[in-house]
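Undergrad: What follows is a predicted protein model with its sequence.
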Amino acid sequence: MIDLKQLRDEPDRYREGARKKGVDVDIDRILSLDERRRALMTEQETLRAEQNKLAKEAGPRMGRLSGERKGADAERQAAIDAELHELRARPAALKDSIQILEKEILAISPELDALLLSVPQPPDADVPVGKGAEDNVQIRTWHADGFDPAKPFKAQRGFPARTHMEIAKRLGLVDFERGVKMAGSRSYVLTGDGMRLHQAVLRYAFDFMVERNGFTPVSAPVVVREECMVGTGFFPAGRDQAYHIEESKRGSGHDLFLTGTGEVALMALHQDEIIDEDRLPLRYTTVSTCFRREAGAAGKDTAGLYRVHQFDKVEQVVICRPDEQESRRWHATMIGYVEALLQSLRLPYRLLQCCTGDLGVKNADMVDIECWMPGRGDEGPDGSPTGAYSETHSASRLYDFQCRRLNLRVRGESTGGKPAPAHSLNNTVLASPRILIPLLEVHQNEDGSVTIPEPLRPYMGGRDRVG
RNA sequence: GGAGAGGUGGCAGAGUGGUUGAAUGCGCCGGUCUCGAAAACCGGUAUUGCCUUCGGGUAAUCGAGGGUUCGAAUCCCUCCCUCUCCGCCA
């Protein structure tokens, strides 16, 4: 959520930000609703102040008079009644006026609140302006010696690339048919070494964050209340993407939602908290199952392990002091962790600077990491795929946007002793089975086997290959 | 699923209709004392909105929402959550 005060001060910044992101939001409507609401509140407050004053002054007198009335003669009673009547008239009139104002405020608030939630965070000035993924800008690429995505797979390896589906089928790693039988399209069953590889790579990534980078390991709910989804910024915009458990329809309890990323629980952990500055930065990592409806993606990437409804992901989250430079440093650092991880797995990748149109509502900046997948892309002249970079990671810098929604604040010297929304960042560490695509395709051998990258071998019983 | 108890400040915990935004204790901050520290003593210590001549003023907030009342942490209703015991169970 953006800061309403800032919106009032510099509405053009938010108009421009929304325009760059291609988000349609009526800033003028917000400003006029806000102005109206504030005017009503000021009026209401004045009346309340008088009401409180009367309650303090006239109230006790009324109490005494009521008591005195019981033992008084008829004439005295009449006098008391008259005074009581007078004392009551003013507060009663105030109460009516206050309630009328209250109704007017209540009529405005839902629309204003909903509009406020939909105002995107303006992109940083150094983010390239663009419409969508096609306008993203490559920052750099990396590949291990001996395998360069820029050259044809066959020329380097001596045989045409097989897709991960072919490899998986040959080695019995994935059972797509039975997955679909049980749970519909975009479902799969990992079997044998497929499941072992999945677990190995997740565990390796998790240990990598905990042991090498000092992140706090966490296991947290993947089924959460709506506030967590709104607070982390996934709702209302991404409501269609989340599975919805309608417990309230059973007559008790409240609705729940399946989280699409570990980010939700890692951030919502500290919802409504004020954190002491010297406890920062908080660095959390979790491995969690992620659920995505993939609404609107019908027909896109239907085959294989690329786009599925359920997967597991190691996620990293940093909550730091509200300082732009500190946020920027963490962003770079968190991307660095992923680069080191991918390099250790010898998976070629590239960094993409996302353009403004690709940032989503929450982010001030976002960098995607795409791994080289030899089995994707168009079919080449020899009938085998040409390969393509495809997204495996996404590193977001949100500044205080998410923490303001979550009511997650910091207090300390840097905030002048007052609570202030913290800054937050998140980045994928590794998502599987998607990562199995480059892992199988890049490390496949001519005989159909797959070489297990060295760091995963301890998690695979010491073996150096599958198949 | 059955029965019961309860949700109050950073924490513990009083408070059943009227200067109670809230006693007391702990914690934290400042001060006195001390060579220094501890102890003791004194003082301070919620959040948010709005207004501001930047001194402050004002309103709201005791799980959430509604109601009664001139006035609600306190009474009534609805909902949510937590805990204990029993049952079931990975």
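TA: It's in.
Undergrad: Please report how far A:Pro385 lies from RNA strand B.
TA: Per C-beta to the nearest atom of the strand, to the nearest Å, A:Pro385 is found 42 Å from RNA strand B. No exception for glycine: its C-beta is placed from N, CA and C like everyone else's.
Undergrad: Identify the bridge partners of that residue.
TA: Beta-bridge pairing for A:Pro385 (DSSP bridges): A:Glu379.
Undergrad: wait, doesn't it sit right on A:Glu379?
TA: Yes: A:Pro385 lies in contact with A:Glu379 (C-beta atoms under 8 Å); the separation is 6.0 Å.
Undergrad: Of these two, which one has the most company?
TA: A:Pro385 (20 against 9; other C-beta atoms under 10 Å).
Undergrad: Mark out where each domain of chain A begins and ends.
TA: If you go by automatic domain parsing, the domain ranges for chain A are A:26-118, A:133-466.
Undergrad: how long is the shortest one from one end to the other?
TA: One end of domain A:26-118 to the other measures 10 Å (C-alpha to C-alpha, to the nearest Å).
Undergrad: Please state the offset of that domain from the chain centre?
TA: From the chain centre to the centre of domain A:26-118 is a distance of 42 Å (C-alpha atoms, centre = their mean, to the nearest Å).
Undergrad: where does the stretch 1-150 of chain A dip in pLDDT?
TA: Scanning the stretch 1-150 of chain A for pLDDT under 70 picks out the ranges A:57-73, A:76-77, A:80-81, A:84, A:87.
Undergrad: rewinding a little: out of the domains of chain A, the one nearest A:Gln6 is which?
TA: A:Gln6 lies closest to domain A:133-466 among the domains of chain A, at 10.3 Å (C-beta to C-beta).
Undergrad: gap between the two ends of the closest one?
TA: End-to-end distance of domain A:133-466 (C-alpha to C-alpha): 35 Å.
Undergrad: How far does that domain sit from its chain's centre?
TA: Distance, stretch centre to chain centre, for domain A:133-466: 12 Å (C-alpha atoms, centre = their mean).
Undergrad: Quick one: name the residues of the stretch 101-250 of chain A near RNA strand B.
TA: Counting by C-beta under 7 Å from any atom of the strand, the stretch 101-250 of chain A comes close to RNA strand B at A:106, A:248.
Undergrad: Now do A:Glu227 against A:Phe234, distance only.
TA: A:Glu227 sits 11 Å away from A:Phe234, taking C-beta to C-beta, to the nearest Å as the criterion.
Undergrad: Which of those two has more residues huddled nearby?
TA: A:Phe234 (23 against 16).
Undergrad: A:Cys320 and RNA strand B, how far apart?
TA: From A:Cys320 over to RNA strand B the distance is 18 Å, taken as C-beta to the nearest atom of the strand.
Undergrad: so that residue bridges to which residues?
TA: Beta-bridge partners for A:Cys320, by DSSP bridges, are A:His423.
Undergrad: who's in contact with it?
TA: Residues in contact with A:Cys320, defined by C-beta atoms under 8 Å, 6 or more residues apart in numbering, are A:280-282, A:326-327, A:330, A:422-425.
Undergrad: can you rerun that using 6 Å?
TA: Contacts for A:Cys320 (C-beta atoms under 6 Å, 6 or more residues apart in numbering) come out as A:280-281, A:326, A:330, A:423.
Undergrad: again, but for A:Glu104
TA: A:Leu40.
Undergrad: Next secondary structure after whichever strand or helix holds A:Asn52?
TA: Applying DSSP states H and E as the criterion places A:Asn52 in helix A:27-71. Going down the chain from helix A:27-71, the next helix or strand is helix A:74-118, by DSSP H and E.
Undergrad: So for the helix or strand A:Trp372 falls within, mean pLDDT?
TA: Assigned by DSSP H and E, A:Trp372 falls within strand A:365-373. The pLDDT scores in strand A:365-373 average 97.
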